[in-house]
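Chemist: coordinates for the following, if possible.
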Amino acid sequence: MRNARQDADVLQQCATSAHPWLWHSAAVCPALPPDLVELLARDEDFAVRLLLCEFHPEPPPQLLLDLYLNDSHRAVKMLIANPHFPPAGLAARFANSPDPEQRRLALHDPALTPNS
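Modeler: Numbering: from 1, shown residues only. Below is the predicted model of the structure:
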């Protein structure tokens, strides 16, 4: 079954299956093609989206940010360490947020200045 992780047809079948466990199986495959990454990034299942962010070498930056902002699971706070986490514009967007988690995001913006 390990060879199936490299098989585009098997990954397609898993990602588009009606069975959530197969979605999860696809989400942890680093070889998942970009079109299936986009498909699973829009999935309603939190676990599918989180697994995609944790295991895929190039998770969608917007997915990383969305999970960080909209879920309280402790694992999402570690997503900020992912090299694909989108730092640009975080200071302008979150520096004055009433939410301390969002304000912390501003610190990761490379354009942050003392006056931001």
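Chemist: where does this protein have low pLDDT?
Modeler: Within the chain, the stretches with pLDDT under 70 are 1-5, 115-116.
Chemist: for stretch 78-96, buried residues please.
Modeler: For stretch 78-96, the neighbour count (16 or more other CB atoms under 10 Å) marks 79-80, 82, 84-87, 90-91, 94-95 as buried. For glycine as for every other residue, the C-beta is placed from the backbone atoms N, C-alpha and C.
Chemist: which element is R93 on?
Modeler: Per DSSP states H and E, R93 falls inside helix 90-94.
Chemist: residues in contact with the very next helix or strand once past that helix?
Modeler: Going down the chain from helix 90-94, the next helix or strand is helix 100-106, by DSSP H and E. The contact list for helix 100-106 (CB atoms under 8 Å, 6 or more residues apart in numbering) reads 68-69, 77, 80, 90-91, 93-97, 112, 116.
Chemist: kindly reformat the residues you listed as a markdown table containing distance to A27.
Modeler: Output for the contacts of helix 100-106, formatted as a markdown table (distance: CB to CB, whole Å):
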| residue | distance to A27 |
| --- | --- |
| Y68 | 18 |
| L69 | 20 |
| K77 | 19 |
| I80 | 20 |
| L90 | 26 |
| A91 | 31 |
| R93 | 28 |
| F94 | 28 |
| A95 | 33 |
| N96 | 35 |
| S97 | 30 |
| L112 | 33 |
| S116 | 35 |
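Chemist: farthest pair within those?
Modeler: Taking CB to CB as the measure, the contacts of helix 100-106 reach their widest spread between K77 and S116, a distance of 21.9 Å.
Chemist: just to revisit the earlier point, show me what the helix holding R93 is packed up against.
Modeler: helix 100-106 (3 or more CB pairs under 8 Å, 6 or more residues apart in numbering; DSSP states H and E).
Chemist: centre of the chain to the helix it packs on, how far?
Modeler: Taking CA atoms, centre = their mean, to the nearest Å, the mean C-alpha location of helix 100-106 is offset from the chain mean by 18 Å.
Chemist: okay, that helix in PDB with CA atoms only?
Modeler: Written as PDB, here are the backbone C-alpha positions of helix 100-106 (Å, rounded to 0.1, in the frame of the first residue of the first chain):
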ATOM      1  CA  PRO A 100      -3.800  38.800  21.400                       C
ATOM      2  CA  GLU A 101      -3.300  35.800  19.100                       C
ATOM      3  CA  GLN A 102      -4.000  37.900  16.100                       C
ATOM      4  CA  ARG A 103      -1.700  40.700  17.400                       C
ATOM      5  CA  ARG A 104       1.100  38.200  17.800                       C
ATOM      6  CA  LEU A 105       0.800  37.400  14.100                       C
ATOM      7  CA  ALA A 106       1.900  41.000  13.300                       C
END
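Chemist: that's all I had, so thanks and see you.
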